[in-house]
Each structure stands twice: as C-alpha cells, then as structure tokens.
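J.: Would you be able to build a 3D model of this:
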Amino acid sequence: MSKISAARTARSMRGAAHLFQNRRTLWHMLREVFHGKYTMSLLTNMALVLGLLYIISPLDFDWIPILGWVDDGFVGYMVIKRLQKETQRYNRHKAMERRMHVD
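T.: Numbers count the residues shown, from 1 in each chain. Here you go, the predicted structure:
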C-alpha cells in the first residue's frame, strides 16, 4: 500500500515541478488570456476562480486547524493540476499557430 502512495506522491510532485519549470509558458498564457488572444477552457476558468475563492474564503474548514490546511492544500493541488493541463493545451495551440504561419 505504501508503494502505491509513494508513486502517487512522486507523480503529483512531478506535476507541480512541471508547472514550475513551465512558469514562463504559464505567464505567457495568462498574458494572452488577459489581452484576449487566447481563451482558456471553461473548466480551467471555473477551477481557477472557484479554487482561489475557496482558498481565501474563511467559510470553509479553516476553523479546524489541520483539516482547514489539508482541504485548502487539496484545492490548491487541483488548481495546479488544471493549470498544468491548460499549459499543455496552450503549447499545442501555439504549435498549431506556428504551423499555420509556415504553410
């Protein structure tokens, strides 16, 4: 059982590391979203807005010390995973855009 748990932890750390390594891509994507040149998926927009609202909201389990930290951490993890998938989608979009300009 602990081997499975360790494997999941390693995969989740790689996801966060991937997003950290691609932080420049993330910033470019967010800049293009802000300027209206790229549209993130509805799921990503909802995850970002609702996730950040949940994390900063005092109305969740923050009154229970450890549980409040764990649930905020889980929501933050889910937002990071969603942003990781969106940056991959953005990279595919940019590759197709470059391919269209070459042809």
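
J.: ok now stretch 28-42, how far from the chain's centre?
T.: Put simply, stretch 28-42 sits 14 Å off its chain's centre (Cα atoms, centre = their mean, to the nearest Å).

J.: List the buried residues for it?
T.: For stretch 28-42, the neighbour count (16 or more other Cβ atoms under 10 Å) marks 29-30, 32-33, 38, 40 as buried. (C-beta placed from N, C-alpha, C; glycine too.)

J.: Likewise for stretch 93-103?
T.: The neighbour-count criterion (16+ other Cβ under 10 Å) identifies no buried residues in stretch 93-103.

J.: ok, now stretch 65-79?
T.: Those would be 71-72, 75, 79, for stretch 65-79 by 16+ other Cβ under 10 Å.

J.: Return the member of the residues you listed nearest to L48.
T.: V79 (6.2 Å; Cβ to Cβ).

J.: Can you tell me the element the closest one falls in?
T.: helix 65-102 (DSSP states H and E).

J.: Does that helix pack against any helices or strands, and if so which?
T.: Secondary-structure packing of helix 65-102 (3 or more Cβ pairs under 8 Å, 6 or more residues apart in numbering; DSSP states H and E): helix 2-21, helix 23-34, helix 42-56.

J.: So what's the gap between that helix and the chain middle?
T.: A distance of 3 Å separates the centroid of the chain from that of helix 65-102, by Cα atoms, centre = their mean.

J.: In stretch 83-93, which residues are buried?
T.: Using 16+ other Cβ under 10 Å as the test for burial, stretch 83-93 gives 83-84, 86-87, 90.

J.: Show me the shaky parts of the chain.
T.: Scanning the chain for pLDDT under 70 picks out the ranges 1-20, 62, 103.

J.: about what we covered before: please convert the buried residues of stretch 83-93 to JSON lines, extending it with distance to S57.
T.: Below are the buried residues of stretch 83-93 laid out as JSON lines (distance: Cβ to Cβ, whole Å):
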{"residue": "L83", "distance to S57": "20"}
{"residue": "Q84", "distance to S57": "24"}
{"residue": "E86", "distance to S57": "23"}
{"residue": "T87", "distance to S57": "26"}
{"residue": "Y90", "distance to S57": "28"}
